[in-house]
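>>> sequence and computational prediction follow.
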Amino acid sequence: NLNNKGIKKAVELIEYDRLSPEQLHQMKVDAQRRVVRKLDEEKARKEGVEEGLEKGAEKERIKMAKTMKKEGEPIDKISKYTGLSKEEIEKL
């Protein structure tokens, strides 16, 4: 019965033992590629999240600057509180 974990593991080990050195090498290379791919995917996901957060924060700063400008706040003050340059604020 191959449903038993111990038996499955034994069968895998026997099959692994029967592999040629070339097949073993290829298995290792494939495993390394899978690990690298997974790490690359994780890195890309994290970078995507960070980029999304940065864009959201930038939109929020612009929204705040527009509101402050509409309320008649001085550009220096808007720049101080939003981190936007005076030129960016003037374009709003």
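Now that the structure is in, tell me what you want to look at. These figures come from a predicted structure and were not determined experimentally.

>>> and the longest helix along the chain, what does it pack against?
Secondary structure of the chain per DSSP state H: the longest helix is helix 21-70. Under the contact criterion of 3 or more C-beta pairs under 8 Å, 6 or more residues apart in numbering; DSSP states H and E, helix 21-70 touches helix 75-82, helix 86-91. From N, CA and C alone the C-beta is placed, and that goes for glycine too.

>>> highest average neighbour count across these?
Most buried of these, by mean neighbour count (mean count of other C-beta atoms under 10 Å): helix 75-82, with a mean of 16.

>>> so which elements touch that helix?
When contacts are defined as 3+ C-beta pairs under 8 Å, 6+ apart, helix 75-82 packs onto helix 21-70, helix 86-91.

>>> out of these, which is closest to Ile7?
Each of the helices and strands packed on helix 75-82 has some distance to Ile7 by C-beta to C-beta; the shortest is helix 21-70, at 21.5 Å.

>>> the inter-axis angle of that closest one versus helix 75-82?
150 degrees (axes from the mean of the first three to the mean of the last three C-alpha atoms, to 10 degrees).

>>> isn't Leu84 right next to Ile62, touching?
Yes: judged on C-beta atoms under 8 Å, Leu84 makes contact with Ile62 at a distance of 7.2 Å.

>>> higher neighbour count, those two?
Counted by other C-beta atoms under 10 Å, Leu84 and Ile62 do not tie: Leu84 has more neighbours, with 20 against 15.

>>> now the more buried one, what's its secondary structure?
Three-state assignment for Leu84 (DSSP: H, G, I helix; E, B strand; the rest coil): coil.

>>> can you tell me the closest non-neighbouring residue to it?
Ala65 (5.4 Å; C-beta to C-beta, 6 or more residues apart in numbering).

>>> who's in contact with that neighbour?
By C-beta atoms under 8 Å, 6 or more residues apart in numbering, the contact set of Ala65 is 78, 82, 84, 88-89, 92.
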